[in-house]
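[1] Need the 3D shape of this:
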Amino acid sequence: MTIAWVIGGGGLLGSALCRALKSQGTELFYPSERFCWGNGDKITQQLAAAVHAFAAQVGIAGRWEIYWAAGVGTMSSPASALAPETNALTTLISLIQSQPLLTATRGALALASSAGAIYAGARDEIISENTPPAPTTPYAHEKLRQEDLLRSFTLANHGISTLYARISTLYGPRQSVGKQQGLITHIARCILRNQLIQIYVPLDTIRDYITADDAAASVIAALRATSAKPGVFTKIIASEQPTTIAEIVAIYKRLARRAPLIVTSANKLTNLYTHHIQFRSLAAPQYARPSRISLLVGIAEVMAAERASFVQSRE
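    As a prediction, this is how the structure comes out:
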């Protein structure tokens, strides 16, 4: 029996991970209180209590999984805004290390990060796990630092495996309003409010879009496939379907039955984003899980969820 703990379970990816794990019959662990990410002393206390409670449940289950899907950082975040997340991860690792019930039990950890950020400066036409990381932002550097922390921990504990889940452009219903990312959600919100849609990259910019539900299922499958052999593994999680922004706009035009009000211009964020990025995962191909939700269906789901939220906000 496996017990799983999704850290960041309220976010886009985290909530999808919780849904997928529940549907597979995996028991989920929930801390007794919501974490205070902005308070270093408080979250240290909260993590200590949570790890202690988690270890007690693991002693009954016999196997554990932790999915790190936390963090509010984006490509444009300064290093100062990203440090608290790494500090919290460092604390978590130390707390796991101090729990004999966890280190003596078969366990696995997955760290979610943005593939687009980690490979932002890569020159390969098609990026795979063989492509060396090419970070260009504080966000990417911090994620690589987090990977290094987990590598050291994993190599020191031979019964534990770690997955670096480098995910392509994630989207889905109920994406955070306050987080400045998510082109697909941004377009939907602007269409419903009849607002101009500011886009800071050319419309022929190519990205790989994957729904949170597809990404979550792939992360779980990859973690469990690799955990049979303890160690550190890297897996790119992507739809492997390159799509231009112009194609996304065309889908919205079809769904909304009117042309979105698009304005393209450059700003300080423009140069952070590579014009063309395409992914192909070569790691553990026998466990490849193709995307089940097409871009058309995924965007329609986002549009429906945003419409329902918009209507509710006006009542």
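
[2] Okay, now the unreliable bits of the stretch 101-250 of the chain?
    177-181 (pLDDT under 70).

[3] Let me see the ranges of the strands in it.
    106-114, 160-167, 169-171, 197-199, 206-211, 232-237, 242-244 (DSSP state E, counting those that start in this stretch).

[4] could you pull out the helices for the stretch 101-250 of the chain?
    115-118, 138-156, 183-192, 212-226, 245-256 (DSSP state H, counting those that start in this stretch).

[5] quick one: contacts of the fourth one?
    Contact with helix 212-226 is made by 12-13, 15-17, 19-21, 24, 65, 67, 108, 110, 112, 161, 163, 165, 167, 170-172, 233, 235, 237, 239, 283-284, 287, 289, 291-293, as judged by CB atoms under 8 Å, 6 or more residues apart in numbering. No exception for glycine: its C-beta is placed from N, CA and C like everyone else's.

[6] Drop anything exposed from those residues.
    12-13, 15-17, 20-21, 65, 67, 108, 110, 112, 161, 163, 165, 167, 170-172, 233, 235, 237, 239, 283, 289, 291, 293 (16 or more other CB atoms under 10 Å).

[7] you'd agree Ile66 is in a strand?
    Yes. Assigned with DSSP: H, G, I helix; E, B strand; the rest coil, Ile66 falls within a strand.

[8] surely it meets Thr2?
    No. The pair Ile66 / Thr2 is not scored as a contact, 11.2 Å apart, by CB atoms under 8 Å.

[9] In terms of packing, which of those two has more residues around it?
    Shown here are Ile66 and Thr2; by other CB atoms under 10 Å, Ile66 has more neighbours (23 against 19).

[10] Could I get the contacting residues of that one?
    Ala4, Trp5, Ile7, Leu92, Ile96, Gly107, Ala108, Leu109, Ala110.

[11] would you turn these into JSON lines with distance to Phe29?
    Below are those laid out as JSON lines (distance: CB to CB, whole Å):
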{"residue": "Ala4", "distance to Phe29": "7"}
{"residue": "Trp5", "distance to Phe29": "4"}
{"residue": "Ile7", "distance to Phe29": "10"}
{"residue": "Leu92", "distance to Phe29": "13"}
{"residue": "Ile96", "distance to Phe29": "13"}
{"residue": "Gly107", "distance to Phe29": "12"}
{"residue": "Ala108", "distance to Phe29": "14"}
{"residue": "Leu109", "distance to Phe29": "14"}
{"residue": "Ala110", "distance to Phe29": "15"}
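
[12] What's the ChimeraX syntax to select whichever of those are buried?
    Filtering the contacts of Ile66 down to the buried ones (16+ other CB under 10 Å) takes a single ChimeraX command:
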select :4,5,7,92,96,107,108,109,110
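
[13] Tell me the one among the contacts of Ile66 nearest to Lys253.
    Nearest to Lys253 among the contacts of Ile66 is Ala110, at 37.0 Å by CB to CB.

[14] So the closest one versus Ala165, what's the distance?
    According to CB to CB, to the nearest Å, Ala110 and Ala165 sit 5 Å apart.

[15] Then Leu92?
    On the measure of CB to CB, Leu92 and Ala165 end up 17 Å apart.

[16] Next: His52.
    Look at His52 and Ala165: by CB to CB, they are 26 Å apart.
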